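Visitor: How does the following fold in three dimensions:
(one chain, ligands or ions: 1)
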Amino acid sequence: MPRSNRRSFLKFIAAGSVMSSAALAPARVFGQSSPHVVIIGGGTGGATAAKYLKMGDPTIRVTVIEANEVYHRCYGSNEVLTGHVSMEDISITYDALRGKYGVEFIFDTVTEVNPDTRAITLKSGDKVQYDRLIVSPGIDFIWDGTEGYSEEIANAEMPHSWKAGTQTRLLKSQIDAMPDNGTMIIVPPVNPYRCPPGPYERASLLAERFMAEKPNAKILILDPKDGFAKDKPFMLGWNRLYGFQIPHTKMGGMPDTVTEFENPGMIEWVGSDAGGKVEAVDAAAMTVTTEFGDTFHGDVINFIPPQKAAKLAFDMDLVEGNWCPINHLTMESTRHPNIHVIGDSCVADVMPKSGYSANTQAKVVAAQILHLLHEEEPEEPTWSNVCFSRVSSDYGVSVGGIYRLDHESGKIISTAGSGGVSPLDSSHQFNRLEALYQEAWMENFVADSFG
Ligand SMILES: Cc1cc2nc3c(=O)[nH]c(=O)nc-3n(C[C@H](O)[C@H](O)[C@H](O)COP(=O)(O)OP(=O)(O)OC[C@H]3O[C@@H](n4cnc5c(N)ncnc54)[C@H](O)[C@@H]3O)c2cc1C
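Guide: Next up is the predicted model:
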C-alpha cells in the first residue's frame, strides 16, 4: 500500500472505531482458534459475502442466518408479472453454498444483537456468537406520508411487489384480471430506493404484454420525481415501441427519428413538475389523488412506497436517518465495531441500491474482513454496478459505473471516465444485443452470488 494511502487507511480505521467499548472482549483473529464470521441475511449481499469469504479462506467458519429457506430474487420478478417466467424460476435455495463451499446456515429470524458481548439472539431463543458480523438485511417500507395508504392496503388492494414473493403473486393476479380497456397506475417512490430503474422496466414489460393481450389498456406512471435512472433511453424505447409522447423536458439529445404523437400511447408518464406526486389514495374507490388535486382511477394500482433500511438495522441501532452509515474502507458500521453493513441497507453514496452493488460490496467486505482477521491492512477497495433493463423482450438499455473511495471525504465516488448509459442514437441491433446481455447477466450473476 502506498504511504499516503496507508496514512488515510489509519485515519479511516480510527474513524471506524469510535464506538469501541472498553468492555468489549477482543474478537478472535487467525492464530488463535478459527474466527467465526456470521452473516445476517442470505439475500444477494449476504450470500455473495459468505461464498467469497469461504473462497478466500476455506478454513474460516462462516454462518448465514436467514429468515427463509428459499430466496425469491427481485431481479427477474418483473418477468413473473408478464408471465415470461414463473415464481419457481426466481426461487433460489442455498444447496450450492452449503455443499460446494461449506457455508453453515441457520434458518431463523434475528431478534437482537448485543454488540458488546457479540451475541445474536434468534426468534427460537437460540444464541449465536460472532467475531465479525456482516449485516445485509435489505429494505423495509415507510408506510406513512400518503393519506389513506397503509401496510394493510399494500397487502390487499394496492400491492408494491417490491420484495419478491407473496406480493408478486398478488400483483400478477390483479394484472391478469384487468379488463382489456383497464388502467394500471404505477406510483414509483422518491429516491433513494431499491433498483432505481425497476418501476420503469415494469411499465415497459407490461406494455409489451398489454399490446398483445389487452391492446386498449393504459399504464399511467405518477412519479414524485422529475426524472429517473436511464429516463431518456427508456422514453426513446417507449416512443419507438408503444407510441409514447416524449415530454419536451426530455427531448434534449433525442434523435431526429423520434415520432411526435398527438395522444399519449399505452404508457403515460407524469413527473413531479407536471403534478405526478401522489398525496392520497382511496383503496375502496381504487383512486389516487395528486398534489395538483387530480384524481385518477386505476383497475390495478401498483403503489411502491418510499423505503428505508430493514427493520433489523433499526433494532440493532445501525441507522442514522433512514440508512446505515459505514466506514467505506472496511464497510464497518460507524455506530458499532465488528459489524459490517452491506447491500441496500447501507449508505453507499453514489452507488445505486441494486443487486449488483450488493454483490460487489460483498466481495469488498469479504476481502477486508479476511485482512482484518489476519491482522493485515485492508486493501484499496473498488466497486462496480451494471444495470440492464428491458424495454421489451428484445430491446434492452443499460447503465454502468466503476466506483472508488475518495480518501479525503471518505465517500464512494465515480471513477472518472468510467461507466455510461445506453446511447440515444442506438440501432435496433444494439438494443437487441443489450437484451441478450441482460439475459446472460442474469444467469451469470445468480451463479456468482448463489452458485
Ligand atoms: C422489481 C425489481 C427488480 C430488480 N432488478 C434488479 C436488477 O435487474 N439488477 C440488480 O442488480 N438489482 C435489481 N433489483 C434490486 C435487488 O433485488 C436488491 O438491490 C438486492 O436484492 C439487495 O440485496 P440485499 O442483500 O441488500 O437485500 P436482499 O436481497 O433483500 O436480502 C435481505 C435478506 O435478509 C433477510 N433478513 C432480513 N431481516 C432478517 C432477520 N431479522 N433475520 C434473518 N434474516 C433477515 C431477508 O429474509 C432477505 O433474504 C431489483 C429489485 C426489484 C424490486
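
Visitor: which parts of the stretch 301-450 of the chain sit against the ligand?
Guide: Ala310, Leu312, Gly343, Asp344, Lys353, Ser354, Gly355, Tyr356, Ala358, Cys387 (Cβ under 6 Å from any ligand atom). Every C-beta, even on glycine, is put in place using the N, C-alpha and C of the backbone.

Visitor: one more time with 5 Å, if that's ok
Guide: With Cβ under 5 Å from any ligand atom as the criterion, the stretch 301-450 of the chain comes near the ligand at residues Leu312, Gly343, Asp344, Ser354, Gly355, Tyr356, Ala358.

Visitor: so how far is Ala313 from the closest residue to the ligand within the stretch 201-350 of the chain?
Guide: Going by Cβ to the nearest ligand atom, the ligand is nearest to Gly343 of the stretch 201-350 of the chain, at 2.3 Å. Computed as Cβ to Cβ, to the nearest Å, the Gly343 to Ala313 distance reads 10 Å.

Visitor: These two: who's more crowded?
Guide: Gly343 (32 against 27; other Cβ atoms under 10 Å).

Visitor: isn't the more buried one right up against Thr44?
Guide: Yes - if you go by Cβ atoms under 8 Å, Gly343 and Thr44 touch, sitting 6.7 Å apart.

Visitor: got any residues that touch both of these two?
Guide: Ser136, Ala358, Ala362 (Cβ atoms under 8 Å, 6 or more residues apart in numbering).

Visitor: Of those residues, just say which sits nearest to Pro337.
Guide: Nearest to Pro337 out of those is Ser136 (Cβ to Cβ; 17.9 Å).

Visitor: thought the closest one was touching Gly46?
Guide: Yes - counting by Cβ under 8 Å, Gly46 is a contact partner of Ser136 at 4.0 Å.

Visitor: Settle it for me: which of these two has more neighbours?
Guide: Ranked by neighbour count (other Cβ under 10 Å), Ser136 and Gly46 place Ser136 first, with 31 against 27.

Visitor: list the contacts for the more buried one?
Guide: Counting by Cβ under 8 Å, 6+ apart, the residues that Ser136 touches are 39-41, 43-46, 49, 341-343, 345, 358, 362.

Visitor: same thing but 7 Å
Guide: Ile39, Gly41, Gly43, Gly45, Gly46, Ala49, Ile342, Gly343, Ser345, Ala358 (Cβ atoms under 7 Å, 6 or more residues apart in numbering).

Visitor: Confirm for me that Lys363 is in contact with Leu53.
Guide: No - here Lys363 does not reach Leu53: they are 9.9 Å apart, not a contact under Cβ atoms under 7 Å.

Visitor: ok, these two, which is more surrounded?
Guide: More neighbours surround Leu53 than the other of Lys363 and Leu53, with 27 against 22 (other Cβ under 10 Å).

Visitor: Is stretch 136-147 positioned near the ligand?
Guide: Yes - applying Cβ under 5 Å from any ligand atom, one finds stretch 136-147 touching the ligand at Ser136, Pro137, Gly138.

Visitor: Mind exporting the C-alpha coordinates of that stretch to PDB?
Guide: Extracted C-alpha coordinates of stretch 136-147, given in PDB (Å, rounded to 0.1, in the frame of the first residue of the first chain):
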ATOM      1  CA  SER A 136     -27.300  -7.400   4.700                       C
ATOM      2  CA  PRO A 137     -31.000  -7.300   5.700                       C
ATOM      3  CA  GLY A 138     -32.300  -5.400   2.600                       C
ATOM      4  CA  ILE A 139     -35.100  -2.800   2.900                       C
ATOM      5  CA  ASP A 140     -38.300  -2.000   4.600                       C
ATOM      6  CA  PHE A 141     -41.000   0.500   3.700                       C
ATOM      7  CA  ILE A 142     -42.200   3.800   5.000                       C
ATOM      8  CA  TRP A 143     -45.900   3.400   5.300                       C
ATOM      9  CA  ASP A 144     -46.900   6.900   6.500                       C
ATOM     10  CA  GLY A 145     -46.800  10.100   4.400                       C
ATOM     11  CA  THR A 146     -49.600   9.300   1.900                       C
ATOM     12  CA  GLU A 147     -53.200   9.800   3.200                       C
END
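
Visitor: can you give me how far it is from the chain middle?
Guide: 13 Å (Cα atoms, centre = their mean, to the nearest Å).

Visitor: Just the buried residues of it, please?
Guide: Of all the residues in stretch 136-147, those buried under the rule 16 or more other Cβ atoms under 10 Å are Ser136, Pro137, Gly138, Ile139, Asp140, Phe141, Thr146.

Visitor: Show me what the fifth one bridges to in the sheet.
Guide: When assigned by DSSP bridges, Asp140 has beta-bridge partners Lys308.

Visitor: Show me what residue of the stretch 151-300 of the chain gets nearest to the ligand.
Guide: Cys195 (3.4 Å).

Visitor: Excluding chain neighbours, give the residue nearest to that residue in space.
Guide: Ser354 (5.8 Å; Cβ to Cβ, 6 or more residues apart in numbering).

Visitor: Surely the one you found is in contact with Ser384?
Guide: No - using Cβ under 7 Å as the test, Ser354 is too far from Ser384 to be in contact (10.7 Å).

Visitor: So which of the two has more stuff around it?
Guide: When Ser354 is set against Ser384 and neighbours are counted by other Cβ under 10 Å, the residue ahead is Ser354, at 25 against 17.

Visitor: would you list every one of the helices in the stretch 201-350 of the chain?
Guide: 231-242, 311-315 (DSSP state H, counting those that start in this stretch).

Visitor: Buried deepest among the ones you listed, which one?
Guide: helix 231-242 (a mean of 23; mean count of other Cβ atoms under 10 Å).

Visitor: Let's test this: mean pLDDT of that helix, rounded?
Guide: The pLDDT scores in helix 231-242 average 97.

Visitor: OK, contacts around the residue of the stretch 201-350 of the chain closest to the ligand?
Guide: Gly43, Thr44, Gly45, Ser136, Gly138, Ala358, Gln361.
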